[in-house]
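1. what would the 3D arrangement of this be:
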Amino acid sequence: MLDYNDVEPPANATATVTLLAYDRHPTTEAEANNPDVAHSLHLALGGEPLFDGYGVFFAGVAQEPGPDGTFDPDLRSLVDPHVARLADGTFGVMATRVARGGGPDGTERSSVLLATTPDLITFTELGLLDIGVTGGVFDAAFEARDGAYVITWVDDEGQAWLATLSEFSTSAHVGEPTASPGPLEGELEPQAAGASAIPHLRSGSVLEVDAGVAQALRDRFGPVVNTDARPLAAVEVPVGAALTAGDLPARLELDYSDGSTGSLAIDWSGAGLDGIDTSVAGEHRLVGAVKQAVYPTPFADERADPTICAFDFNGREVFLMIATKDLHLDPVSNAGGPIGMPLRMADSIAALADSAGGADLETDLLVAGDLDAEGNAMTGCFWAPEIHVIDGELSILFMPSYDGEDGRTDMWTGRASIIQLRRDDQGRHLDPTDPASWTKAQHVTRADGSVLNDRAGISLDMTYIEDSGNHYYCWQMLGSVFIATMDPADPTRLTSEPVRILAPLYAWDNTIAEGPNVHVRDGRLHLLYSGSTVGDTYTTGLATAACGANLTDPAAWARLGQPIQKSGPFNGEYQLGTGHGMWSVDEDGNQIYVFHARTDHLGLTGRDTFVRRVHWTADGLPRLDMETEEELAPRFREVTVTVRVVAGGDA
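-> Just a heads-up that it's a prediction; the model follows:
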């Protein structure tokens, strides 16, 4: 009898590891185990849940979302997952499809859900296989046998059945069902040793996987940690030459457990550089500190949808931060607090944090009652402001709202809009913290001047993309992400019709996909977007496209089937409802991700800003929540470099 806790990672390439594939009993959103997450395929290796116990494969919607987006009746989940090898050596998934929340969707009377996966990381849903019965198909399992497959299941009465499948396909020929003599290999018995080690396990299956498959799963769904640092090359200077910090290595190159690499800047300011006598030949050792800022958590209270970016303010590098005011999760009226669009400016990212006095730097660029370019009063909900440089001009894309028929601010009146920083007569930027320095807000419209959203009005979460000489706006409306081309010389108009590129497809992103933001790396655009609702269940998805592709073609975009960021642990705390962030860069050239999560910090209950460095894994995916000691092992926090002062003939 196998105890999953006794299974150790394989010591050689021929070893195998026991993989448990399962679903869970739902608990709460605060545990990231609500029904949308619990009713999916989870994986565990050696008794240790992968992906922090989150699902890795989710059933897709029952039908393609209509023009108004994705709605609850279209969403699906799965239970009773069974994973086994297919005849070609890859893997198949068989499960019972259910409605969102776990109730019956009708297909369980006669059908099972099928999916294939080459590596248990990427999954392709095949759809439903009709077994040809009407008495219920539950706890289905399968195995390859003699070039075909055998399937077993249990009906409503508890009777076990067996049938043959000609292939693992939704079009397979199904043989005549017969009474089953017993379970197939790999079916998980409720009393199996080790099953109790998985919190809230509901049902599942076991199989042995080889060391390579197991390691790839750990790399993708487990922690990636710093394992080594590259030695610093010695520095040689001629006798009599000046030695400055610029002559020393600027960054420490780091190696990680998945085969990826990274680097962090080195601070030599305390290394005793001034104490080296370069007037005579000799060898010296300097000790520097690796720069690894650990930002406060949260970075800023009640500030959602945040942007932090560097800005060249007439030759002075500053950092700007802007966000949605979100007191008690109320971005429309800020729970009765002052309504506005808050901007902070400082000489460093750290100085923008609340704990460093960043909140005192805040200026509302717009407040309730300010007039837009058409003379209409914006009364609230200055939602999701993003800072971009468009055609050389510092710009803020955001959504203001207006009063509705009842005289109160109505979020659904909101329109994607833009303001831009003015310049003086010499072409110098005016002060970005002065509201008078900005142009009047103008709505972004279609090419003919009509509203972006001709079905429901509201448009928000707009971002700007530049790729291969082409310019785009990307935004949310109708619960989906849309894109269109634009001319940066006229940033208030599209130059093509809006096209939907991302609609919610799974229970984890359910009825909304929003907050797009793009980073270009290694010839691909990486578009982060947020799913679910703005509360505890918020998640971050990832879609990618090749640089130079027609980004207005939905087929150009490939998306992950599970979140790239979600609720989960970080540095000993639990972060909840992560999402709606923006790629950026810090003072040392490190890529950072600025996002919000839910906390009750200081007794508040809204969405707070967080700042993290980004690590790129060996498979080309971003890690947005690499913990401090995963990013840099403590033993590498100090580095040593040898400085040789050499005579002219020895250099």
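
2. any regions of this structure where pLDDT drops low?
-> Judged by pLDDT under 70, the chain has its weakly predicted residues at 1-14, 182-196, 649-651.

3. residues of the biggest helix by length in it that come out buried?
-> When the chain is parsed with DSSP state H, its longest helix is helix 211-221. In terms of neighbour count (16 or more other C-beta atoms under 10 Å), helix 211-221 has its buried residues at 211, 213-221. For glycine as for every other residue, the C-beta is placed from the backbone atoms N, C-alpha and C.

4. and the spatially closest residue to residue 331 that is not a sequence neighbour, bridged to which residues?
-> In space, and not counting its chain neighbours, residue 331 is closest to residue 324: 4.9 Å by C-beta to C-beta, 6 or more residues apart in numbering. On the basis of DSSP bridges, residue 324 is bridged to residue 304.

5. residue 440 contacts residue 419, doesn't it?
-> Yes - Residue 440 is within contact range of residue 419, at 7.2 Å (criterion: C-beta atoms under 8 Å).

6. looking at those two, which is more packed in?
-> residue 419 (24 against 14; other C-beta atoms under 10 Å).

7. state the three-state secondary structure for the more buried one.
-> strand (DSSP: H, G, I helix; E, B strand; the rest coil).

8. okay, and the beta partners of it?
-> Counting by DSSP bridges, residue 419 is bridged to residue 396.

9. looking at it, it is touching residue 436, isn't it?
-> No - Residue 419 is not in contact with residue 436 according to C-beta under 8 Å; the separation is 11.6 Å.

10. who does the top strand by length along the chain pair with, and is each partner parallel or antiparallel?
-> Secondary structure of the chain read by DSSP state E shows that its longest strand is strand 573-585. The strands beside strand 573-585 in its sheet (DSSP bridges) come out as strand 568-570 (antiparallel), strand 591-598 (antiparallel).

11. can you redo the ones you listed as CSV with mean neighbour count and distance to residue 165?
-> Shown next, in CSV, are those (neighbours: other C-beta atoms under 10 Å; distance: least, C-beta to C-beta, whole Å):
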stretch, mean neighbour count, distance to residue 165
strand 568-570, 15, 37
strand 591-598, 25, 45
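
12. dump those strands to CSV, plus distance to residue 268.
-> Shown next, in CSV, are the strands paired with strand 573-585 (distance: least, C-beta to C-beta, whole Å):
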stretch, distance to residue 268
strand 568-570, 30
strand 591-598, 23
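
13. for residue 335, find the nearest of those.
-> Comparison of the strands paired with strand 573-585 against residue 335 by C-beta to C-beta identifies strand 591-598 as nearest, at 14.9 Å.

14. elements contacting the helix or strand just after that closest one?
-> Per DSSP states H and E, the first helix or strand lying C-terminal to strand 591-598 is strand 607-613. Applying 3 or more C-beta pairs under 8 Å, 6 or more residues apart in numbering; DSSP states H and E, we find strand 607-613 packed against strand 303-313, strand 316-325, strand 573-585, strand 591-598.

15. repeat the analysis, applying 6 Å as the threshold.
-> Strand 607-613 sits against strand 303-313, strand 591-598, with contacts defined as 3 or more C-beta pairs under 6 Å, 6 or more residues apart in numbering; DSSP states H and E.

16. now do the buried residues in the longest one.
-> So that's strand 303-313. 303-309, 311, 313.

17. cool, stretch 138-152 as well?
-> 138-144, 149-152.

18. same deal with stretch 291-304?
-> Under the neighbour-count criterion of 16+ other C-beta under 10 Å, stretch 291-304 has 291-293, 295-304 buried.

19. out of everything not next to it in sequence, what's closest to residue 624?
-> In space, and not counting its chain neighbours, residue 624 is closest to residue 565: 4.5 Å by C-beta to C-beta, 6+ apart.

20. what is the neighbour count of the one you found?
-> For residue 565, using other C-beta under 10 Å, the count is 24.

21. surely it touches residue 541?
-> No - here residue 565 lies out of contact with residue 541, judged by C-beta atoms under 6 Å, at a distance of 8.6 Å.

22. the closest residue to residue 233 other than its chain neighbours: what secondary structure?
-> Leaving aside its chain neighbours, residue 233 sits nearest to residue 249 (6.9 Å; criterion: C-beta to C-beta, 6+ apart). Following three-state DSSP, residue 249 is assigned to coil.

23. can you report how many residues lie near residue 249?
-> 18.

24. over to the one 3 residues further on?
-> Using other C-beta under 10 Å, the number of residues around residue 252 comes to 22.

25. do residue 336 as well
-> Residue 336 is flanked by 9 other residues according to other C-beta under 10 Å.

26. surely residue 62 and residue 74 touch.
-> Yes - between residue 62 and residue 74 a contact is recorded at 5.3 Å, counting by C-beta under 6 Å.

27. one step back: look up how far residue 267 lies from the residue nearest to residue 233.
-> Separation of residue 249 from residue 267 (C-beta to C-beta, to the nearest Å) stands at 12 Å.

28. same thing with residue 80?
-> With distances taken as C-beta to C-beta, residue 80 is found 55 Å from residue 267.

29. between these two, point out the one with more neighbours.
-> Neighbour totals were compared for residue 80 and residue 267, and residue 80 leads with 26 against 15 (other C-beta under 10 Å).

30. isn't that one right up against residue 203?
-> Yes - between residue 80 and residue 203 a contact is recorded at 4.9 Å, counting by C-beta under 6 Å.

31. residue 641 is in what secondary structure piece?
-> According to DSSP H and E, residue 641 maps onto strand 638-646.

32. using the three-state scheme, assign residue 629.
-> Residue 629 is classified as helix under three-state DSSP.
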